[in-house]
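Colleague: Task: produce atomic coordinates for the following.
(one chain, ligands or ions: 1)
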Amino acid sequence: MSLVQVGDIRLNVVERGQGKPLLLVHGYPLDHSMWRGQLDGLANRCRVIIPDLRGFGASDVTPGTVTMEQMADDLAGLLDVLKISQPTLFCGLSMGGYVAWQFALKHRARLAALILCDTRAAADTPEAAAGRRKTAERVLAEGTAVAAEALLPKLFGPATFAQQPQIVEATRQVILRTRPEGVAAALRGMAERPDVTPRLSEIDVPALVLCGEHDGISPPDEMRQFAARMPQARFVEMPNAGHMAPLEQPMAVNTAIREFLGL
Ligand code: MLT
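Modeller: Below is the predicted model of the structure:
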């Protein structure tokens, strides 16, 4: 792990391996550690780069609102600092997928391929956005336990709760360690993220769209539908997984990623 100065903030980054750069971008309100199975399983095939997004993990926090576009710009800045000029493989989960859309639309030349895990193309409904803003206020007043209690029951599939409770507990600890200002800023940023659905045809890089079969936040049917509107996307449903497929079923997800990327 190391802190990298990117513009006005420091981002914490984990890096391992050599070859094609593969950026793994975590979801809300998590950090790089959700990708441990991919770090172990893919770093012998490519250069794995796993940042903590602005406001999360050991990266700096900026209060207020952090948009998905800001996070995408942070990652483009990170690639500059790491002197990576070749197009990158970008894999994002959920909020990391919202960041991936912005990266694809704004930094297209830097992108070789996209992997979209358990994420959505649609914006929030006005009710959902209002709910996020309310949660942001509560997290600031009461701490991140509020976010953990709201989210944990929705993150995993039934098999994970039954057979891998240590994953649920480790995720709870990550959320409890995350700073409230970072969580609130990302909640406000997600609330104002744009609807990418009308722009899916512009996202013309090869794409793998991957969804846990029990994902209730970004369900398989919804992901299958947006994949069908992308020019070069392949949809894969992951058995025995919920919203956190790469953490719940790392070997199967790594196999799908390796096959897609030809690694
Ligand atoms: C995530 O996993 O990043 C969140 O569930 C995204 C969201 O709340 O929309």
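Colleague: Please list all residues in contact with the spatially most central residue of the chain.
Modeller: By Cα atoms, centre = their mean, the chain has its centre lying nearest to residue 96, at 2.3 Å. Going by Cβ atoms under 8 Å, 6 or more residues apart in numbering, residue 96 touches 24-27, 53, 117, 119. Heads up, the C-betas are built off the backbone N, CA and C, glycines and all.
Colleague: Any chance of those residues in a markdown table with pLDDT as columns?
Modeller: Output for the contacts of residue 96, formatted as a markdown table (pLDDT from 0 to 100):
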| residue | pLDDT |
| --- | --- |
| 24 | 98 |
| 25 | 99 |
| 26 | 98 |
| 27 | 98 |
| 53 | 98 |
| 117 | 98 |
| 119 | 98 |
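Colleague: Quick check: the farthest pair among those residues?
Modeller: The distance between the two most remote of the contacts of residue 96 (Cβ to Cβ) is 15.0 Å, for 53 and 117.
Colleague: Between those two, which is the more surrounded one?
Modeller: residue 117 (33 against 30; other Cβ atoms under 10 Å).
Colleague: Hmm, that one is touching residue 242, no?
Modeller: No - using Cβ atoms under 8 Å, residue 117 makes no contact with residue 242, being 11.6 Å away.
Colleague: quick revisit: quickly note the distance from the residue nearest to the centre of the chain to residue 127.
Modeller: Separation of residue 96 from residue 127 (Cβ to Cβ, to the nearest Å): 24 Å.
Colleague: who in this protein is up against the ligand?
Modeller: 27-28, 94-95, 190, 217, 243 (Cβ under 6 Å from any ligand atom).
Colleague: circling back to that earlier point, nearest spatial neighbour of the residue nearest to the centre of the chain, skipping sequence neighbours?
Modeller: Spatially, and ignoring its direct neighbours in sequence, residue 96 is nearest to residue 25 (3.4 Å; Cβ to Cβ, 6 or more residues apart in numbering).
Colleague: Could you tell me how many residues sit around that neighbour?
Modeller: Neighbour tally, residue 25, other Cβ under 10 Å: 28.
Colleague: For it, give me phi and psi.
Modeller: Per-residue torsions, residue 25: phi -120, psi 120 (degrees, to the nearest 10).
Colleague: And the helix or strand residue 258 falls within, what does it pack against?
Modeller: Assigned by DSSP states H and E, residue 258 belongs to helix 250-261. Counting by 3 or more Cβ pairs under 8 Å, 6 or more residues apart in numbering; DSSP states H and E, the packing neighbours recorded for helix 250-261 are helix 36-42, strand 111-117, strand 207-212, strand 233-238.
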